[in-house]
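Visitor: Generate a structure from the sequence data that follows.
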Amino acid sequence: MWRAIPALFAFDTDWKKGNVVEKYQEFLDQEALAGRPATPALVAICVAGVGYRYQDRVNKNWQAWPVRGEYEEVLGFLAGIMNGYKDVASTRKRPNLGRYIVQ
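Guide: Down below sits the predicted model:
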């Protein structure tokens with residue numbers, strides 16, 4: 001169970017010409033080759049206007065949120081935070097959701 005949801009939200013990126021998850025995986029692979037821990041620090045990545053990817057909690061595969069409209073990836077990201085909040089809240093005595101998202 002998570003004590004926090006390790007996620008990254010960005011308004012812009014220089015990764016627009018590639019899959020952000022693939023780039024992140026390449027980074028993890030490079031870290032492993034260098035002898036540093038390659039355990040993913042993030043389970044969700046959202047770039048506004050680009051896409052939202054998250055790691056499935058059961059099989060650990062990365063999933064893509066289907067985008068059908070403008071900035072729908074941001075809605076998916078917020079939905080993911082809210083879905084995970086229930087588990088986090090049970091370990092943190094029900095923190096304020098607004099403060100949790102911002103901090």
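Visitor: Y52: what secondary structure?
Guide: What DSSP: H, G, I helix; E, B strand; the rest coil gives for Y52 is strand.
Visitor: quick one, what contacts it?
Guide: A44, I45, C46, A64, W65, V67, E73, V74, G76, F77, G80 (C-beta atoms under 8 Å, 6 or more residues apart in numbering). Backbone N, C-alpha and C define where each C-beta goes, glycine included.
Visitor: Setting aside sequence neighbours, what's the nearest residue to the residue nearest to the spatial centre of the chain?
Guide: Taking C-alpha atoms, centre = their mean, the centroid of the chain lies closest to A44, which sits 1.0 Å from it. Excluding the flanking residues, the one nearest A44 by C-beta to C-beta, 6 or more residues apart in numbering is A7, at 3.8 Å.
Visitor: and if you look at F77?
Guide: C46 (3.8 Å).
Visitor: Torsion angles phi and psi at Q63?
Guide: Backbone geometry at Q63, expressed as degrees, to the nearest 10, gives phi -120, psi 150.
Visitor: Now for it: which residues touch it?
Guide: Here Q63 is in contact with R53, Y54, Q55, D56 (C-beta under 8 Å, 6+ apart).
Visitor: elements contacting the helix ranked longest in the chain?
Guide: Longest helix in the chain by number of residues (criterion: DSSP state H): helix 72-91. For helix 72-91, the packing partners by 3 or more C-beta pairs under 8 Å, 6 or more residues apart in numbering; DSSP states H and E come out as strand 7-10, strand 44-47, strand 51-55, helix 97-102.
Visitor: How about the residue nearest to F77: which residues does it bridge to?
Guide: Residues in a beta bridge with C46, per DSSP bridges, are F9, Y52.
Visitor: what's the burial count for it?
Guide: 24 (other C-beta atoms under 10 Å).
Visitor: Surely it and Y71 touch.
Guide: No - using C-beta atoms under 8 Å as the test, C46 is too far from Y71 to be in contact (10.2 Å).
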